[in-house]
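S.K.: Predicted model and sequence follow; I will ask about them next.
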Amino acid sequence: NAGVTQTPKFQVLKTGQSMTLQCAQDMNHEYMSWYRQDPGMGLRLIHYSVGAGITDQGEVPNGYNVSRSTTEDFPLRLLSAAPSQTSVYFCASSRGGENQPQHFGDGTRLSIL
Amino acid sequence: AQTVTQSQPEMSVQEAETVTLSCTYDTSENNYYLFWYKQPPSRQMILVIRQEAYKQQNATENRFSVNFQKAAKSFSLKISDSQLGDTAMYFCAFTERDDAYKLSFGAGTTVTVRA
């Protein structure tokens, strides 16, 4: 039972490079979300999806792009990495409907030099 | 946008004792859900407990219980009989009834359980 799988677990990039963080879930969940975690700020929503082909922006979407071509996968793309994007990134998924808790992946620690 | 405030950055408790973490939130909605998540040093996000705003009864999960005060917009977590494995960062989170995929988190409280 894999749940939510994020790859890679760690990554170091140089400023200006692009990269895709992968997220896959095997629970047939409708909803998927990306968060970033910074010290002293908790987790903040970047982008989310309520189903295949449907995505929308969260609280801090600038510099990130997402797509959802299948129910299982929800990749997060950094278009041109900046030091301000150094963070821990979490992907989460949940069933549709009320009161369905989000299940989180183990996170990706990303450092931008 | 909803805001979630955790006013205690760090707390320390002796093993077997009780510790209470505070959380307040701001919303104009009547239907919503509240959660406490635990993040141990392994970085995993683990759901501890959840509360539906329309339920008067406070949620309980084993040694974890909440005190939900809807009028005061307060949602505190009590950890009873603290264990070393409870050492972690704890996050309070909020979501509206129709936006279950959009959690708003507090800044977190680091709990250290001393042997």
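M.R.: Okay, I see it.
S.K.: Give me the most central residue, the chain.
M.R.: This is for chain A. Centroid-nearest residue in chain A: A:Trp34, 3.0 Å away (criterion: Cα atoms, centre = their mean).
S.K.: Can you look at chain B instead?
M.R.: By Cα atoms, centre = their mean, chain B has its centre lying nearest to B:Trp36, at 3.2 Å.
S.K.: That one falls within a strand, correct?
M.R.: Yes. Using DSSP: H, G, I helix; E, B strand; the rest coil, the assignment for B:Trp36 is a strand.
S.K.: about what we covered before: the residue nearest to the centre of chain A bridge partners, please.
M.R.: Going by DSSP bridges, A:Trp34 is paired in beta bridges with A:His47, A:Cys91.
S.K.: ok, it touching A:Pro75?
M.R.: No. In this structure, A:Trp34 is not within contact of A:Pro75 by Cβ atoms under 8 Å, at 9.3 Å. Yep, even glycine has a C-beta here, placed from its N, CA and C like the rest.
S.K.: Sketch out the low-pLDDT regions of chain B for me.
M.R.: B:1-2 (pLDDT under 70).
S.K.: and with 90 instead?
M.R.: Low-confidence segments of chain B (pLDDT under 90): B:1-3, B:29-31, B:54-56, B:96-102.
S.K.: That one: strands as residue ranges?
M.R.: In chain B, the strands defined using DSSP state E lie at B:3-5, B:10-14, B:19-21, B:24-26, B:32-39, B:46-52, B:60-61, B:64-69, B:74-79, B:88-96, B:104-105, B:109-114.
S.K.: quick check: angle from the last one to strand B:74-79?
M.R.: Looking back up the chat, that one is strand B:109-114. Counting by axes from the mean of the first three to the mean of the last three Cα atoms, to 10 degrees, strand B:109-114 lies at 20 degrees to strand B:74-79.
S.K.: Strand B:109-114: partners in the sheet, and parallel or antiparallel?
M.R.: Paired strands of strand B:109-114, with direction, are strand B:10-14 (parallel), strand B:88-96 (antiparallel) (DSSP bridges).
S.K.: number of nearby residues for A:Leu45?
M.R.: 21 (other Cβ atoms under 10 Å in any protein chain shown).
S.K.: Over to the one 3 residues further on?
M.R.: Under the neighbour criterion other Cβ under 10 Å, A:Tyr48 is assigned a count of 24.
S.K.: Can you tell me how far the residue of chain A most remote from its centre is from B:Tyr33?
M.R.: When distances are taken from the C-alpha mean of chain A, A:Glu98 lies farthest, 21.7 Å away, according to Cα atoms, centre = their mean. Note on A:Glu98: its distance to B:Tyr33, by Cβ to Cβ, to the nearest Å, is 8 Å.
S.K.: Between those two, which contacts overlap?
M.R.: By Cβ atoms under 8 Å, 6 or more residues apart in numbering or on different chains, A:Glu98 and B:Tyr33 have these common neighbours: B:Arg97, B:Ala100.
S.K.: Run through the residues that contact the closest residue to B:Tyr37 other than its chain neighbours.
M.R.: Spatial nearest neighbour of B:Tyr37, chain neighbours left out: B:Phe91 (4.6 Å); criterion: Cβ to Cβ, 6 or more residues apart in numbering or on different chains. Neighbour list for B:Phe91: A:Gly42, A:Leu43, B:Gln6, B:Trp36, B:Tyr37, B:Lys38, B:Gln39, B:Met45, B:Phe105, B:Gly106, B:Gly108 [criterion: Cβ under 8 Å, 6+ apart].
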